[in-house]
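> predicted coordinates and the sequence they were generated for:
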Amino acid sequence: MIIYDGKAVFEGIAIGKISVYTKQEQLVKRIKVDDPEAEKKRYADAREVAIEQLKGLYEKAVKEVGESGAEIFEAHQLMVDDEDYIESVENIIDTEEVNAEYAVAQTGDNFAKMFAEMEEEYFRGRAADIKDITERVLNALLGAGSGGIETDEPVIVVADDLAPSETVQMDKDKILSFVTVHGSANSHTSILAKTMSIPAIIGCPIPLSDEVNGKLAVVDGYEGKVYVEPDQELLAEKKKLLLQEEEKKNLLERLKGKDNITLDGQKINLYANIGNTKDLGLVLENDAGGIGLFRSEFIYLGSDDYPTEEEQFAIYKQVAQTLAGKKVIIRTLDIGADKQADYFELPKEENPAMGLRAIRICLTRPEVFKTQLRAILRASAFGKISIMFPMIISVDEVKKIKKIVEEVKESLDADGLSYDKNIELGIMIETPAAVIIADELAEEVDFFSVGTNDLTQYTLAIDRQNQSLDDFYDSHHPAILKMLKMIADAAHRHGAWAGICGELGADLSLTKDFLAMGYDELSVSPGRILPIRKTVLETNVTEYKKEKGL
């Protein structure tokens, strides 16, 4: 038995044979051509093929992992059609009189190198996307397949790394687990693995050869270990764990329809985070009590121009009607940092995570903000909608927002349009500044929702996209937990309610702590609702506080 250690990005046990994933190597030769125009036509045709393939991958991903997990394939379509990339390829064909394959490969190498050398981790991460779309266009030019796995039985996929397209193209029913030598906990593939509920391990120094290919293995997504050719004792132990996992899944199904009330009578709302109307089925399937975070920015990111009031209204109305009276909290536009829409023409910033983003864009572009607010308010006549504003750092910001909301309400009244005149207004607590003045902020709003991802990033001064800092990133840092208690207490002192919508809300090891802190709501990915409900139903908060000396 050989044991390989890595970093687990999704828990679970997988037992099966290893299939080493190999990319199909493309041998690109530099060939002198007599007709550059013909080569440019071949390149244009290959782009069209690549875009059609990406559209197919997008549709497949939407069905398997939801809208938010499929977004990368829309982004890749835009990258294939990027003007700078196209101009570079065509320029090489024209000036060097070479074949399209060589021009594409050369451009891909140049652009990937350019992104890899950038200071911002987000942009460095785009180097992998450039390589992915370059390989796709080359495959189209050469009429080649994309490599992959061939198997009649479910396998453990072992690879150097996996591009999102490679992950989604695989038959989900044939995949037991992902194990990669490289990759980041925040990579697209890690996110997809979590969404697909497949045990996954990254940073594992496992050989990509016949040394492991076809061998029986156990992947332990709890410990971050891969056991190749396990002995009988360990195999029996892991099979027992696997059986227990299946039993837990069956038990969770029985929790549907039950209230989220602890043994000593404390109630908490369990809501879902979604990015689009196509995720609504997951919300209902997993018995969420409502939507605690509707990421409205994806409407903007998926558009070539500013979405109109009517376009947004139709989407918000559909969500409200589908939830049939359950609460829907819509977060206003939250772009900037790692979420960019070209038509906003945002300035290039040295540190975009701390730059012009979220509410700062809305307050500096009130016409865009008012269009969205009109759409949300109009939709509030068709369900129970609340509005949440991201990245708040001051009371003055909240007062400006409330003034704009009142102006929009007056315009709707003038137009004779219906809306919820008492609509809830809340803010996201994502910065240490907001935590420190939480009492003052709570006097201005109806609720708080904590964005733990950014709150952790800003508190620890660690870029959460930077994989080289994974060992320093600690979402359980005492400072974060103390802040969370401060936030809930401040909200309750002033009659507001408090929730958590960041990834930490789905951390089962902290569910009892959130209950003890008095949180009223947790909003998580739909698949985490039932596991959290189980913990809630089994917890006596009073006893837990005594144990912890709280």
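Received it, and whenever you're ready, just let me know what you need. On a predicted model such as this, the values are computed, not experimentally measured, just so you know.

> what about the helices in the stretch 401-550 of the chain?
With helices called from DSSP state H, counting those that start in this stretch, the stretch 401-550 of the chain shows them at 432-436, 438-442, 452-460, 478-493, 511-517, 529-537, 541-548.

> save these as CSV, and put in mean neighbour count and mean pLDDT too.
Where you see a C-beta, it was placed from the backbone N, CA and C, and this is true even at glycine. Listed next are the helices of the stretch 401-550 of the chain as CSV, based on neighbours: other C-beta atoms under 10 Å; pLDDT from 0 to 100:
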stretch, mean neighbour count, mean pLDDT
helix 432-436, 18, 97
helix 438-442, 20, 98
helix 452-460, 21, 92
helix 478-493, 18, 97
helix 511-517, 21, 97
helix 529-537, 20, 93
helix 541-548, 13, 94
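
> out of these, flag the one nearest V49.
Of all these, the one in closest proximity to V49, counting by C-beta to C-beta, is helix 452-460 (37.0 Å).

> quick one: the closest one to helix 478-493, angle?
120 degrees (axes from the mean of the first three to the mean of the last three C-alpha atoms, to 10 degrees).

> for helix 452-460, give me every contacting residue.
For helix 452-460, contacts defined as C-beta atoms under 8 Å, 6 or more residues apart in numbering pick out 353, 391, 429-432, 435, 462-464, 472-475, 477, 479-480, 483-484, 500, 502-505.

> PyMOL command for the buried members of the residues you listed?
Buried subset of the contacts of helix 452-460, written as a PyMOL selection, criterion 16 or more other C-beta atoms under 10 Å:
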select buried, resi 353+391+429+430+431+435+462+463+464+473+475+480+483+484+500+502+503+504+505
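
> filter the contacts of helix 452-460 down to just the ones in strands.
I429, I500 (DSSP state E).

> and stretch 489-507, how far apart are its ends?
21 Å (C-alpha to C-alpha, to the nearest Å).

> kindly apply the preceding question to stretch 346-360 instead.
Start and end residues of stretch 346-360 are separated by 12 Å (C-alpha to C-alpha).

> try stretch 296-311
Taking C-alpha to C-alpha as the measure, stretch 296-311 stretches 12 Å from start to finish.

> worst-scoring helix or strand of the protein, pLDDT-wise?
Counting by mean pLDDT, DSSP states H and E, the weakest-scoring helix or strand in the chain turns out to be helix 188-195, with a mean of 65.

> next helix or strand past that one?
Next in sequence after helix 188-195, counting helices and strands by DSSP states H and E, comes strand 200-202.

> in its sheet, what does that next one sit against?
Paired strands of strand 200-202, with direction, are strand 7-10 (antiparallel), strand 175-180 (parallel) (DSSP bridges).

> deepest of those, which one?
Mean neighbour counts were compared across these using mean count of other C-beta atoms under 10 Å; the top stretch is strand 175-180, at a mean of 25.

> who touches that one?
Residues from elsewhere that reach strand 175-180, judged by C-beta under 8 Å, 6+ apart: 6, 12, 14-16, 154-162, 167, 189, 193, 196, 198-204, 206, 219, 221, 226.

> list the contacts of the closest residue to K548 other than its chain neighbours.
What sits nearest to K548 in space, not counting adjacent residues and going by C-beta to C-beta, 6 or more residues apart in numbering, is A516, at 6.8 Å. By C-beta under 8 Å, 6+ apart, the residues touching A516 are V541, Y544, K545, K548, L550.

> please apply the same query to I359.
Contact criterion C-beta under 8 Å, 6+ apart gives T332, F389, P390, M391, I392, E397, I401 as the residues in contact with I359.

> next: Q312.
So, once contact is read as C-beta under 8 Å, 6+ apart, Q312 ends up touching S296, I299, T371, Q372, A375, I376.

> just among these, which is most surrounded?
Neighbour counts for these, by other C-beta atoms under 10 Å, peak at I376, which reaches 28 neighbours.

> ok but that one is inside a helix, no?
Yes: using DSSP: H, G, I helix; E, B strand; the rest coil, the assignment for I376 is a helix.

> settle this for me: it is touching V328, isn't it.
No: here I376 does not reach V328: they are 9.7 Å apart, not a contact under C-beta atoms under 8 Å.

> quickly list what's touching both of those two.
Listed as contacting both I376 and V328 by C-beta under 8 Å, 6+ apart are I385.

> where is the longest helix in this protein?
Ordering each helix of the chain by length in residues (DSSP state H) puts helix 36-65 first.

> give the contact list for D81.
Residues counted as contacts of D81 (C-beta under 8 Å, 6+ apart) are R47, I51.

> what does it show for phi and psi?
Listed backbone geometry of D81 is phi -100, psi 10, with angles given as degrees, to the nearest 10.

> residues near V395, how many?
As a burial measure, the neighbour count of V395 was computed by other C-beta under 10 Å and equals 14.

> again with I361
Residues within reach of I361, counting by other C-beta under 10 Å, total 20.

> host element of it?
For I361, the element it lies in under DSSP H and E is helix 359-364.

> next one: that helix to chain centre, how far?
Mean C-alpha position of helix 359-364 versus that of the full chain (C-alpha atoms, centre = their mean, to the nearest Å) differs by 23 Å.

> now do stretch 35-45
The chain centroid and the centroid of stretch 35-45 are separated by 38 Å, computed with C-alpha atoms, centre = their mean.

> so how far is T22 from S509?
Applying C-beta to C-beta, to the nearest Å, the value for S509 to T22 is 37 Å.

> looking at those two, which one has more neighbours?
Neighbour comparison, S509 and T22: the larger count goes to T22, with 13 against 9 (by other C-beta under 10 Å).

> that one bridge partners, please.
Residues found in beta-bridge contact with T22 (criterion: DSSP bridges) are G148.

> hmm, A8 and A193 touching each other?
No: in this structure, A193 is not within contact of A8 by C-beta under 8 Å, at 10.4 Å.
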